[in-house]
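**Student:** My questions are about this predicted structure, shown below with the sequence.
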Amino acid sequence: VRQGRGRATRWLWLAAIAASVLLPLAWLPRVLAAMPAEQAQLKLGWFMLSSGMLILLALRSLWLLSHQRRWQKATLLGMPVYLSGGIGPCVAGLLRPRIVMPVWLQLTPHEQQALLLAHAQCRLAARDPQLLALAYALIILMPWNLPLWWQLHRLRFAIEVDCDARMLAHGHALRDYATVLRRHGQYYSGLTGASPIVASDPLALRRRRRIMARFTRAQAANLL
């Protein structure tokens, strides 16, 4: 699937993750029943890996919750946000995602603030936190499956392309948007589940810019 079709690709990658997990699980009871007793440590290893990943995600969530107590409700260019000392710009939370911006962002030009706020709104509209949470929930079932992690990486990149398409469809200039990504993309927190692992990757940013350069505004709007 071409990366230019960001929205379609994100759902295809999620479907690939789901199929890679759920289809093998259908055969799991039969496989476990046929497994020799001396290979019981494989079952234990699987359980420990899944439990470890679940605990890690829970600790990340608790860490984020502990920081939320210090966030300040504010408005930025008339939009309600939470101001943080060190997290953001990002969309944080699962059931009620919220826009989190670092305090220092108030010192940047209003044009950059507007682009970052629009970027966060696109994430909310696309339900990126919920989409990634579902992907992680599936991977917890088979964390030893390396192709699943590759599919997760592709899903996250597709989510970024989808967000880029939304930004262009809303009329934001490619040059200005790409500049903001280059300057502020590295500040996205990796602890929210909704933040990109590719945001601070120069190669990924160049790929995204090449994809965006092929979009007309009408083509981008068709992806919404």
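**Tutor:** Looks like it came in fine. Numbers count the residues shown, from 1 in each chain.

**Student:** where do the strands sit along this structure?
**Tutor:** Assigned by DSSP state E, the chain shows strands spanning 72-76, 79-84, 90-92, 98-102.

**Student:** For residue 141, give me its contacts.
**Tutor:** With contact set as CB atoms under 8 Å, 6 or more residues apart in numbering, residue 141 has these partners: 21, 25, 50. In this view, the C-beta of every residue, glycine as well, is placed from N, C-alpha and C.

**Student:** mind redoing it with 10 Å?
**Tutor:** Applying CB atoms under 10 Å, 6 or more residues apart in numbering, one finds that residue 141 lies in contact with 21-22, 24-25, 28, 46, 50, 53, 148.

**Student:** go on, residue 119?
**Tutor:** By CB under 10 Å, 6+ apart, the contact list for residue 119 reads 89-91, 99, 163-164, 166-167, 172, 177, 180-181, 184-185, 188.

**Student:** Closest one of those to residue 129?
**Tutor:** Within those, distances to residue 129 taken as CB to CB reach their minimum at residue 91, with 6.1 Å.

**Student:** Can you give me the neighbour number for the closest one?
**Tutor:** Other residues lying near residue 91 total 25 when counted by other CB atoms under 10 Å.

**Student:** thinking again about what came up before, rank the strands of the chain by pLDDT, which is bottom?
**Tutor:** In terms of average pLDDT, strand 90-92 trails the rest of those, at a mean of 85.

**Student:** Packing partners of that strand?
**Tutor:** In this structure, strand 90-92 packs against helix 40-68, strand 79-84, strand 98-102, helix 110-126, helix 128-141, with contacts taken as 3 or more CB pairs under 10 Å, 6 or more residues apart in numbering; DSSP states H and E.

**Student:** Columns distance to residue 17 on top of the ones you listed, output as JSON lines?
**Tutor:** Shown next, in JSON lines, are the helices and strands packed on strand 90-92 (distance: least, CB to CB, whole Å):
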{"stretch": "helix 40-68", "distance to residue 17": "14"}
{"stretch": "strand 79-84", "distance to residue 17": "30"}
{"stretch": "strand 98-102", "distance to residue 17": "26"}
{"stretch": "helix 110-126", "distance to residue 17": "17"}
{"stretch": "helix 128-141", "distance to residue 17": "5"}
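
**Student:** which one of those lies closest to residue 212?
**Tutor:** Judging the helices and strands packed on strand 90-92 by CB to CB, what sits closest to residue 212 is helix 110-126, at 13.0 Å.

**Student:** report the angle between the axes of the closest one and strand 72-76?
**Tutor:** Compare the direction of helix 110-126 with that of strand 72-76 by axes from the mean of the first three to the mean of the last three CA atoms, to 10 degrees and you get 110 degrees.
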